[in-house]
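Student: Sequence below, structure please.
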Amino acid sequence: MTTSSETPTSRSDRNTTPLLSAHTDDDSLQPTPAVVDLEAELAAERDHLAASRRALARMRRQAEELFRTGAQVAGDGFSAESLGTALSRRLAELADDPDTPLFFGRLDHADGEHAGEAYHIGRRHVIDEAGSPMVIDWRAPVSTAFYRANATDPMGVGRRRRFGFVGGELTSFEDEHLAQGQELGRDSRILTAEIERPRVGPMRDIVATIQPEQDELVRAELEESICVQGAPGTGKTAVGLHRAAYLLYAYRERIRRAGVLVVGPSAAFLSYIAAVLPALGEIDVKQMTVDDLVNTVPIRATDSEEVAYVKHDLRMAEVIRRALQAHITEPEDSLVVSDGATRWRIGVEELRDIVARIRADNLPHTVGRERLQAHVVAALRRRNEARGAAPGQAWERRMARAIRGFLDAVWPAVTAPALVARLLSDQEFLWTAADGLLSEAERELLLWKRPPRSPRSARWSTADAFLIDEAAGLIERMPSYGHVVVDEAQDLSPMQCRAIARRSTHGSLTVLGDLAQGTTPWAAQRWETTLEHLGKPTARVVPLTLGFRVPAAILTLANRLLPTLDVNVPPPTSLRRDGALDLRHVSDLDAATVTAVQEALTYEGSVAVIAADADVAGLQERLGELTTEARLSVVPASQAKGLEFDHVVVVEPIRIVEAEPRGLHRLYVVLTRAVSRLTVLHARPLPAPLAA
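Tutor: Here you go, the predicted structure:
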């Protein structure tokens, strides 16, 4: 069944056809000036682009000169290092990719604060030798109108111009006279061509195509945490990354020291998005998988699914808290210490009162131990002062050493690996900590059958690392990022969410995901629950349902699965009526796969063959030399999430469904990876929702 089709060259043609003015079927949207010399205007814009590149090169040369002489002007070694770091960052920010246009739009203001001014909007700020702007950063306040102005609310803009490029060459432009009520909106051919441009390699930025509803999220205030329920192709990942870039621009001094963190589901996903922020001039953002966050012990074991499910359960946070609290005991006797001249005594009731007050403050364990030491030493000092003495710091240090045995007995030092190792090794300790929380069967699952000699020799699993991180968060204060972007958040377990929450205690979150794409055993069914685990229960949940990347025919097929996924999400729609969907029932699956891949490679763009994980190795062997094509990827279904390809060949959907308990969710992910053409090959019957 083919719902639509296109020739192998049609998309390339759309990208290269000059559009020298607004061109639609509605002549009322044509520019109104009586005579417009389009070639002269195009030449002028090309001249401005060339001059802007020269200006950027000059800015970089100046930065290089400062970098070379920085050590000579800095007053000391620390200042020289700090200056060198800043200048090195500046050099990276000023890098110029000749294949990437410096600007993609222009605003001519008719009235308001900027009346009579014309601004070129681009990926970074470029100034001439006099300091006047030649290109305005897309994140600057004045650039907001490029994304949000319309015929109803022109925001002072008389004309908005979009530019078409091939590589780094300016080939076309398209005008909207907003002050006169003329607006192309999503009928813009340049906008459409950029959205639909074939993609090979890493994810690109979307600064030229950000839509108004996306821009509102990108420019949300730093203090606000938001959750984007984004259907496939709605640009939720791009929104999150561009929000990170915007916050670094608008609140640089406030968040640079604390930093910005992007948390993704896999190394493949992080590799796919890695180029977006550097292309926008932001190079200081950390990108990690959620497992990287807790990478403190070597992972040498794999839990069964039922064991991992218990370890990722929210109840384990309370089990660990109880286990740590069990190390703190009430003093049983008075404390008597000597300073060499006098024996000092603190009664047991006073000691118990000190311990109780510190416990009530709910401090990290290490801080509580330090506080206990300080309070006891202070009590000893007061006794000494009451006799007219003036004990100094040396005396206090001596007393701190003298009470070490008391501290170890009442509030012992604990390490996170040691605590978790004891919990999983000591049956009595585990049973006490989990009493009333875990069933006996669940406790039996957790208990190590062969306890290690020490935490260092333990065979830790990935789930154990999150238990250790939970314990570490109770033992010590963790640094907090200024802002954290969390992608594919619907797949996070409660314990994974808590690991992220510990790193955003004093910062905000951008949470991205799609409940319909949840594939882990603990996948979320409600965003409110996930946000509570992430420590941001009041975060605003915003749905994005209008797709810009996945064609309507493909979304219509995938939407057949939604009623079976047990999640309440609105079905996505698509602006795109191009693309192709081809469902093929075949008798020889191997031969059909080779044929489908050969056909896909006749088109521009990236190609992926996606199949059940167990079938991938055999597929690679049968595809033979085709796998050497740089544009072709053979992707296990479990690794497809978050990725996009121009053409996707899905092999035997029922095998993907049968491979895991949430197989229909996985298939929904797989079917929505294609942004132009989708071919589905099946020798066995299709899953029931698709066969309807």
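Student: what's the nearest residue to Ala267 if we skip its chain neighbours?
Tutor: Thr289 (6.1 Å; Cβ to Cβ, 6 or more residues apart in numbering). Just so you know, the C-beta spots here come from the backbone N, C-alpha and C atoms, and that holds for glycine as well.
Student: Need the CA coordinates for the strand or helix carrying Arg498. CSV is fine.
Tutor: Taking DSSP states H and E as the criterion, the element that holds Arg498 is helix 494-502. C-alpha atoms of helix 494-502 as CSV (Å, rounded to 0.1, in the frame of the first residue of the first chain):
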residue,chain,number,x,y,z
PRO,A,494,11.8,6.5,40.1
MET,A,495,15.4,5.9,41.3
GLN,A,496,16.8,7.3,38.1
CYS,A,497,14.6,10.4,38.5
ARG,A,498,15.9,10.9,42.0
ALA,A,499,19.5,10.7,40.8
ILE,A,500,18.7,13.6,38.4
ALA,A,501,16.7,15.5,41.1
ARG,A,502,19.8,15.4,43.3
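Student: Quick check: what element follows it along the chain?
Tutor: The helix or strand immediately downstream of helix 494-502 is strand 508-513, counting by DSSP H and E.
Student: contacting residues for Pro98?
Tutor: Remark: with contacts taken as Cβ atoms under 8 Å, 6 or more residues apart in numbering, Pro98 is in contact with 167-168.
Student: Next up, phi/psi of it, please.
Tutor: Recorded main-chain torsions at Pro98 are phi -60, psi -20, according to degrees, to the nearest 10.
Student: Helices along the stretch 251-400 of the chain, start to end?
Tutor: 252-255, 267-273, 276-279, 290-293, 305-311, 315-325, 348-360, 365-386, 393-402 (DSSP state H, counting those that start in this stretch).
Student: okay, those helices in TSV with mean pLDDT, distance to Ala441 and mean neighbour count next?
Tutor: What follows is those, written out as TSV (pLDDT from 0 to 100; distance: least, Cβ to Cβ, whole Å; neighbours: other Cβ atoms under 10 Å):
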stretch	mean pLDDT	distance to Ala441	mean neighbour count
helix 252-255	90	46	13
helix 267-273	88	35	18
helix 276-279	86	46	20
helix 290-293	96	27	18
helix 305-311	97	9	17
helix 315-325	98	14	19
helix 348-360	97	32	15
helix 365-386	96	30	17
helix 393-402	95	47	14
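Student: which one of these lies closest to Val239?
Tutor: Evaluated with Cβ to Cβ, these place helix 276-279 nearest to Val239, the distance being 11.4 Å.
Student: so where do the helices sit in the stretch 401-550 of the chain?
Tutor: All helices of the stretch 401-550 of the chain, identified by DSSP H, counting those that start in this stretch, fall at 404-410, 416-425, 427-433, 440-446, 462-475, 494-502, 527-533.
Student: Using a markdown table, lay out those together with mean pLDDT and mean neighbour count.
Tutor: Supplementary listing: the helices of the stretch 401-550 of the chain in a markdown table, determined by pLDDT from 0 to 100; neighbours: other Cβ atoms under 10 Å:
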| stretch | mean pLDDT | mean neighbour count |
| --- | --- | --- |
| helix 404-410 | 97 | 14 |
| helix 416-425 | 97 | 21 |
| helix 427-433 | 97 | 15 |
| helix 440-446 | 97 | 15 |
| helix 462-475 | 98 | 23 |
| helix 494-502 | 98 | 23 |
| helix 527-533 | 98 | 20 |
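Student: Can you add distance to Asp284 and give these back as a markdown table?
Tutor: Written out in a markdown table, the entries for the helices of the stretch 401-550 of the chain read as follows (distance: least, Cβ to Cβ, whole Å):
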| stretch | distance to Asp284 |
| --- | --- |
| helix 404-410 | 41 |
| helix 416-425 | 29 |
| helix 427-433 | 41 |
| helix 440-446 | 40 |
| helix 462-475 | 24 |
| helix 494-502 | 19 |
| helix 527-533 | 27 |
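Student: For Ser676, find the nearest of those.
Tutor: Closest approach to Ser676 among the helices of the stretch 401-550 of the chain is made by helix 527-533 (30.4 Å; Cβ to Cβ).
Student: Just say helix, strand or coil for Leu555.
Tutor: Look at Leu555: counting by DSSP: H, G, I helix; E, B strand; the rest coil, its state is helix.
Student: residue contacts, it?
Tutor: Applying Cβ under 8 Å, 6+ apart, the residues contacting Leu555 are 231-233, 547, 572-574, 672.
Student: Farthest-apart pair in those, please.
Tutor: The largest separation in those, counting by Cβ to Cβ, is between Thr573 and Thr672 at 13.0 Å.
Student: can you pull out the helices in the stretch 51-200 of the chain?
Tutor: Under the criterion DSSP H, counting those that start in this stretch, helices of the stretch 51-200 of the chain are mapped to 77-93, 144-148, 189-196.
Student: now the last one: mean pLDDT?
Tutor: Here helix 189-196 scores 82 as its mean pLDDT.
Student: elements contacting that helix?
Tutor: Applying 3 or more Cβ pairs under 8 Å, 6 or more residues apart in numbering; DSSP states H and E, one finds that helix 189-196 makes contact with helix 10-16, strand 157-166, strand 169-176.
Student: which helices and strands sit right next to the last one?
Tutor: If contacts are counted by 3+ Cβ pairs under 8 Å, 6+ apart, strand 169-176 sits against helix 38-73, strand 157-166, helix 189-196.
Student: Near the residue nearest to His585 when sequence neighbours are not counted, how many other residues are there?
Tutor: Ranked by Cβ to Cβ, 6+ apart and with sequence neighbours excluded, the top spatial neighbour of His585 is His682, at 5.9 Å. Neighbours of His682 under the rule other Cβ atoms under 10 Å: 21.
Student: if we can go back for a sec, most neighbours out of the contacts of Leu555, which is it?
Tutor: For the contacts of Leu555, neighbours were counted by other Cβ under 10 Å; the highest total belongs to Thr672, with 29 neighbours.
Student: That residue reaches Val550, doesn't it?
Tutor: Yes: counting by Cβ atoms under 8 Å, Val550 is a contact partner of Thr672 at 5.6 Å.
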